[in-house]
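# Sequence unavailable; structure follows:
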């Protein structure tokens, strides 16, 4: 007997969760013992676009089959699509995810996921939400319901607005961590009473950043050299890192960018600055 076979079933299932879904399912033919193990996976990363390139109908059927499988105990699910998914389909998936009490949800390349969020936010089990390459906007006609369980939100390359971000923050009163990376935001206003960790990565020049989070402990910013303004009010922050993306930065620009930051984190134990080349004489 090989060493791998000596592992208990729950460890083997945990290892299988790191494999693509199709490969994990194929292990069911190895032996009678292996036949049910893949069904005990709790974390699913379903790249439907790679499984069925440019075939939205098959992609939808694939996700439907996973969400309706009676033997799967889905706790974490990340879905990657290639085309616009009809609103009724998104609503159906959101209902199934909420019913299954899924804790971590990731949506990649999903158009208008706001429709799904309205249902997902009704779930009492949702703790992490990740959106990548999505279009997230709301016309204000259907406000999000409060979601007390959500602790972590990650937004990457999401087309959205500061108004929508503010709506999400207002709905998630117990949010602990927020990461915004390369989203289409020229103005970033983050105001939250319980947020402890905030990370912002943006490549947009002249971005106006305003952060008012009285409970913030960790702050990380990665911004262009010519960022318009950084204003922070976080009196108990302990660790702060500001990275300026490659380019020349005059002393005047540096002082202008940092004045609003340093004044708001005066009790920080650590402040790390990196990435910029400061050009002496910029104060003139």
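Okay, I see it. Remember, it's a predicted structure, so these values are computed and weren't measured experimentally. Numbers count the residues shown, from 1 in each chain.
# Was I right to think residue 150 contacts residue 124?
No: Residue 150 lies out of contact with residue 124 (C-beta atoms under 8 Å); the separation is 10.3 Å. (C-beta placed from N, C-alpha, C; glycine too.)
# Looking at those two now, which is surrounded by more residues?
residue 150 (23 against 9; other C-beta atoms under 10 Å).
# For the more buried one, what are phi and psi?
phi -70, psi 120 (degrees, to the nearest 10).
# Would you mind giving the secondary structure of the residue nearest the centre of the chain?
In the chain, the C-alpha nearest the mean C-alpha coordinate belongs to residue 154, at 1.7 Å (C-alpha atoms, centre = their mean). With DSSP: H, G, I helix; E, B strand; the rest coil as the basis, residue 154 sits in strand.
# tell me which element residue 22 falls in.
Counting by DSSP states H and E, the element that carries residue 22 is helix 21-26.
# my bad, should have said residue 107
Residue 107 belongs to strand 104-108, assigned by DSSP H and E.
# Sheet partners, orientation included, of that strand?
strand 76-80 (parallel), strand 128-132 (parallel) (DSSP bridges).
# and the very next helix or strand once past the first one, what's its mean pLDDT?
Sequence order places helix 87-99 as the next helix or strand after strand 76-80, per DSSP H and E. The average pLDDT for helix 87-99 rounds to 87.
# List the buried residues of helix 87-99.
Using 16 or more other C-beta atoms under 10 Å as the test for burial, helix 87-99 gives 89-90, 92-98.
# Tell me the helices and strands packed up against it.
helix 56-68, helix 114-120 (3 or more C-beta pairs under 8 Å, 6 or more residues apart in numbering; DSSP states H and E).
# State the mean pLDDT of the last one.
The predicted model assigns helix 114-120 a mean pLDDT of 80.
# returning to that earlier point: beta partners of the residue nearest to the centre of the chain?
residue 130, residue 179.
# do residue 106 as well
residue 78, residue 130.
# For it, give its distance to residue 43.
Distance of residue 106 to residue 43, given as C-beta to C-beta, to the nearest Å: 10 Å.
# With neighbour numbers in mind, choose between the two.
Neighbours per residue, other C-beta under 10 Å: of residue 106 and residue 43, the larger number sits with residue 106, 19 against 16.
# Would you single out the least confident of the strands paired with strand 104-108?
strand 76-80 (a mean of 89).
# And for that strand, what's in contact with it?
42-50, 63, 66, 93, 97, 102-110, 130 (C-beta atoms under 8 Å, 6 or more residues apart in numbering).
# neighbours of the closest residue to residue 245 other than its chain neighbours, just the number please.
Leaving aside its sequence neighbours, residue 245 sits nearest to residue 224 (C-beta to C-beta, 6 or more residues apart in numbering; 5.2 Å). The tally of other residues near residue 224 (other C-beta under 10 Å) stands at 18.
# Check residue 52 too.
17.
# Next: residue 205.
14.
# Going by secondary structure, it is in what exactly?
Using DSSP H and E, residue 205 falls outside every helix and strand.
# so how far is residue 224 from it?
Residue 205 is 5 Å from residue 224, by C-beta to C-beta.
# Also residue 57?
Distance from residue 57 to residue 224, by C-beta to C-beta: 42 Å.
# Also residue 234?
Taking C-beta to C-beta, one finds residue 234 at 22 Å from residue 224.
# again with residue 240
18 Å.
# pLDDT wise, what is the closest residue to residue 35 other than its chain neighbours at?
Counting by C-beta to C-beta, 6+ apart, residue 35 lies nearest to residue 28, which is 4.7 Å off, once chain neighbours are set aside. Looking at residue 28, its pLDDT is 77.
# Can you tell me the number of residues neighbouring residue 28?
14.
# Mind checking what secondary structure residue 10 has?
helix.
# does it really touch residue 42, like I thought?
No: using C-beta under 8 Å, residue 10 is not in contact with residue 42; the gap is 9.9 Å.
# what angle do the strand holding residue 107 and strand 152-156 make?
10 degrees (axes from the mean of the first three to the mean of the last three C-alpha atoms, to 10 degrees).
# Average pLDDT for strand 104-108, rounded please.
Across strand 104-108, the per-residue pLDDT values average to 91.
# could you give the angle of that strand to helix 87-99?
With the same axes, to 10 degrees defining the directions, strand 104-108 sits at 160 degrees from helix 87-99.
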